[in-house]
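Undergrad: quick one: sequence and predicted model below, then my questions.
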Amino acid sequence: DQQVKQNSPSLSVQEGRISILNCDYTNSMFDYFLWYKKYPAEGPTFLISISSIKDKNEDGRFTVFLNKSAKHLSLHIVPSQPGDSAVYFCAASEVYNAGNMLTFGGGTRLMVKP
Amino acid sequence: DSGVTQTPKHLITATGQRVTLRCSPRSGDLSVYWYQQSLDQGLQFLIQYYNGEERAKGNILERFSAQQFPDLHSELNLSSLELGDSALYFCASSAMGTGELFFGEGSRLTVL
């Protein structure tokens, strides 16, 4: 039972354009969501997060949108840069459950072409 | 550099063997988590420790066990290894009360 799903295994965009990565979840107890970026041979690194009391959080070129009724979140990267090419993981947690245990999606490989 | 250290980085062993993966969390972090990533798939939560006590358990096999020591480092023990145990094993740590986990670079286990 996959509680967090990233239905697009890969995405290719042109440099300077917008990248939109999507994530769906099924557990209505999730109320904190994060995006992680992973380069080959490295561990995942935290990118941006959003609490369920918000519907948008912005940090520079990265914006995360949360639609609680649809149980859907998305990560927008504008403008996309070749250095953004990596695997992006969506993750979710029940804040009050077992202290920050994260459930991850399967990841989306983003390729930004120069 | 996340501040989380994992050793060894690479490990090749045979079926039926036993290995131990080690993790040192970021300074001051009391929580340690173990995740498994197989074949470019997502990260599967295995187990969490907080200040030496087991806090949460995921889909961890009975052949696998972990512990967190008084100095807060953690070890993941994998025994009776099978080919399907080949994977990247990540350790992460966090300060309780924050949602962000900090991951190590992972230990790549290959079972032949």
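TA: Thanks, I have the structure now.
Undergrad: the helix-or-strand element of chain B with minimal mean pLDDT pairs with which strands, and in what direction?
TA: For chain B, scoring each helix and strand by mean pLDDT, DSSP states H and E identifies strand B:53-57 as the least confident one, at a mean of 90. Strand B:53-57 has the following strand partners under DSSP bridges: strand B:43-50 (antiparallel).
Undergrad: distance between the partner strand and the chain's centre?
TA: Chain-centre distance of strand B:43-50: 7 Å, with C-alpha atoms, centre = their mean, to the nearest Å.
Undergrad: what's the mean pLDDT across it?
TA: When pLDDT is averaged along strand B:43-50, the result is 92.
Undergrad: so where's the chain uncertain?
TA: Just going to use chain A. Low-confidence regions of chain A, defined by pLDDT under 70, span residues A:95-100.
Undergrad: that's the wrong chain, I meant chain B
TA: Confidence mapping of chain B against pLDDT under 70 gives the ranges B:40, B:96-98.
Undergrad: so which bits of it are right by chain A?
TA: B:2, B:4, B:31, B:33, B:35, B:40-45, B:48, B:50, B:55-56, B:58, B:90, B:92, B:94, B:96, B:98-106 (C-beta under 8 Å from any C-beta of the partner chain). Just so you know, the C-beta spots here come from the backbone N, C-alpha and C atoms, and that holds for glycine as well.
Undergrad: give me every residue in chain A lying close to chain B.
TA: If contacts are counted using C-beta under 8 Å from any C-beta, the residues of chain A sitting beside chain B are A:4, A:6, A:32, A:34, A:36, A:41-46, A:49, A:87, A:89, A:93, A:95, A:97-107.
Undergrad: which ChimeraX command selects the buried ones in the residues you listed?
TA: To isolate the buried subset of the residues of chain A next to chain B in ChimeraX, counting by 16 or more other C-beta atoms under 10 Å in any protein chain shown, use the following:
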select /A:4,6,32,34,36,43,44,46,49,87,89,93,99,100,101,102,103,104,105,106,107
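Undergrad: mind checking which of the residues of chain A next to chain B are in helices?
TA: Secondary-structure check on the residues of chain A next to chain B using DSSP state H: no residue lies within helices.
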